[in-house]
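Q: Mind folding the following:
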Amino acid sequence: MADYYTNMSSIIDGLTRVEAKWLVDTAEAMEKAAWEEEPEPEIPEEIVAAATEYGIAKGSWHVPTITLVEDDDKAVWIRSDENFLPDALAVLIMGFLRKFRPDDHFWTFEYSFNCSKLRTDGFGGGACYVEAKEMSFMSTGHWMDDQAKEATEGGGQSL
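A: Residues are numbered from 1 along each chain as shown. A predicted model of the protein is given here:
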């Protein structure tokens, strides 16, 4: 049996203490909501609105671990040791931007897909761009398909 993972690691610094705490607390609430833990956690309206707008169901709100950076309570470390859903992290960041920095801020992150066994479908990755008004993703698999299509249309042949 093979295990599949989605990983990432990033730091957001330059936050206020309130912003950093909001990210930590909201990530915990989203993860509890995804697992339908009781009592149901309170989810900020910015998260609910962003998730609804992008069709991200509550059961898919699996976000990476978010903790305060050691010796800096104005920065957070976002990381996934095993799995998370990039869409859920994008919703969290979009909600944060809508609440605290709605006008001209953005954040980007990249992630990898890995597998515990050498499977042809077990590796890849992607990247995400998030601002208060929109989010966009690209995956390495789609990028490769686009490049191959362009090359084939130009007369190239794949190995």
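Q: I'd like to know how many residues surround Glu82.
A: Glu82: 12 surrounding residues under other Cβ atoms under 10 Å. Yep, even glycine has a C-beta here, placed from its N, CA and C like the rest.
Q: actually Glu134, not the one I wrote
A: Using other Cβ under 10 Å, Glu134 has 12 other residues around it.
Q: For it, give me its contacts.
A: By Cβ atoms under 8 Å, 6 or more residues apart in numbering, no residues touch Glu134.
Q: Quickly note the distance from it to Pro102.
A: When distance is defined by Cβ to Cβ, to the nearest Å, Glu134 is 12 Å away from Pro102.
Q: got it, and Ala20?
A: Relative to Pro102, Ala20 is positioned 18 Å away (Cβ to Cβ).
Q: same question, Asp3
A: Distance, Asp3 to Pro102, by Cβ to Cβ: 39 Å.
Q: mean confidence for the host helix or strand of Asp87?
A: For Asp87, the element it lies in under DSSP states H and E is helix 86-100. Mean per-residue pLDDT for helix 86-100: 98.
Q: Can you tell me what sits against that helix?
A: If you take Cβ under 8 Å, 6+ apart as the criterion, helix 86-100 is touched by 6, 8, 19, 22-23, 26-27, 30, 34, 44, 46-47, 49-51, 54, 56, 60-64, 78, 105-107, 109, 111, 126, 128, 130-132, 135, 137.
Q: Those in helices, which ones?
A: Judged by DSSP state H, the contacts of helix 86-100 include Glu19, Trp22, Leu23, Thr26, Ala27, Met30, Ala34, Glu46, Ile47, Ala49, Ala50, Ala51 as members of helices.
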